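*Asks:* could you work out the structure for the sequence below:
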Amino acid sequence: MRTRLFLRTAEFLWQEGHTAHATKQEALDETSLINNLYADFAENFMAIPVIKGVKSESERFAGAVDTHCIEALMQDGKALQAGTSHFLGQNFAKAFDVKFATSEGGLEHVWATSWGVSTRLMGALIMTHSDDNGLVLPPNLAPIQVVIVPIYKGAEQLAEIAAVATSIKQNLEDKGVSVKFDDRDNIKPGFKFNDYELKGVPLRIAIGPKDLEKNQVELARRDTLDKTYVPQTELVDLIPGLLEVMQDELYQKAKSYRDTHITEVDSFDEFKEVLTNKGGFISAHWDGTAASEEAIKKATKATIRCIPYAVKEEQGKCVFSGNNSPNRVLFAKAY
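*Replies:* Just a heads-up that it's a prediction; the model follows:
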């Protein structure tokens, strides 16, 4: 198996869970709960829009009754399975004889779930938002949301700038913003600018002697690379709201790309043309058979990423076999 940095690694680094329940419904509820939690984290912290759904039989976890998933779309038009939650039924309980004592005093096999996300989420973050200058981190996830870089000559100027920077830092931290004041004197400001841009810090504040004279700072956004001058008196009140705007705009940008790269097709020729020239998710009818699914995969390397929860009932013909299909599913090439 070929490794791929962050996505498919030689060792598995997981956030993983397993639960056992007395009833089928409790296990089903747990499966849905975790998949929704993963989707919430991806969308509200990582600013990655995801499609929630279930896997086809061929793609589900071995031994599971159903595999629920969240699927994301990367900037290169390939899909990425960002998390899974499996309803295991009683399959593993029966295989390993895992039982619980009922209130009536008997023994019954448990109903089980398992779920997990892995370090591939780092790959998802990079491939969803980043650019040729390095990382772009959503503010809700960034360990440092604002960095302050002084521009000075000599200890006297640094001391004057540090007094202002320290005040800004404290006032922002009082508002719940994570701030770093980088006053290292052995590294030039230009190097710091590049370093924090590479690391994806959402906002950079630069303060020099002329800024002190004008009671302003230079404020730079990592996502758009826009720079503006802001009065020091307005800065602390401005930044928390700006971070919220940046979080939302990163999500909306990724969602817009995802939505414009979901393409409905009704023939296999259309399927192959979109896959070759556009990429993204292909919404197509499938007859529900493993044979058609495997044939499509062999011919195009595209797989069924998920059957969305929100799929609508829509009678049609399978793009490969021409057999009847009750609804569309999402295909894509994937990591």
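*Asks:* ok, and what's touching stretch 160-168?
*Replies:* Outside of stretch 160-168, the residues within contact range by CB atoms under 8 Å, 6 or more residues apart in numbering are 148, 150-152, 179, 181, 183, 205, 207-209, 212, 217, 232, 235-236. C-beta: built from backbone N, CA, C; applies to glycine.
*Asks:* relative to Thr67, which of the residues you listed is nearest.
*Replies:* Distances from those to Thr67 were compared by CB to CB; the smallest belongs to Val179, at 41.8 Å.
*Asks:* quick one: pLDDT of that closest one?
*Replies:* Per-residue confidence for Val179 comes out at a pLDDT of 98.
*Asks:* of the contacts of stretch 160-168, buried ones?
*Replies:* When these are checked for burial by 16 or more other CB atoms under 10 Å, the buried set is 148, 150-152, 179, 181, 205, 207-208, 212, 217, 232, 235-236.
*Asks:* tell me the buried residues in stretch 26-42?
*Replies:* Within stretch 26-42, the residues that qualify as buried are Ala27, Leu28, Glu30, Thr31, Ser32, Ile34, Asn35, Tyr38, Ala39, Phe41, Ala42, counting by 16+ other CB under 10 Å.
*Asks:* which ones among the residues you listed map onto strands?
*Replies:* Among these, no member falls in strands (DSSP state E).
*Asks:* hang on, the earlier thing: and the furthest pair within the buried ones among the contacts of stretch 160-168?
*Replies:* Between all members of those, the farthest pair (by CB to CB) comes out as Tyr152 and Val236, at 21.8 Å.
*Asks:* okay, now the unreliable bits of the chain?
*Replies:* Judged by pLDDT under 70, the chain has its weakly predicted residues at 1.
*Asks:* which parts of it are helices?
*Replies:* Along the chain, counting by DSSP state H, helices occupy 24-44, 91-96, 120-129, 154-174, 189-199, 209-214, 232-260, 268-277, 290-300.
*Asks:* of those, flag the one that's most buried.
*Replies:* Between the helices of the chain, helix 120-129 has the highest mean count of neighbours, a mean of 22, where neighbours are mean count of other CB atoms under 10 Å.
*Asks:* just want the angle from that helix to helix 232-260.
*Replies:* Taking axes from the mean of the first three to the mean of the last three CA atoms, to 10 degrees, one finds that helix 120-129 is oriented at 100 degrees with respect to helix 232-260.
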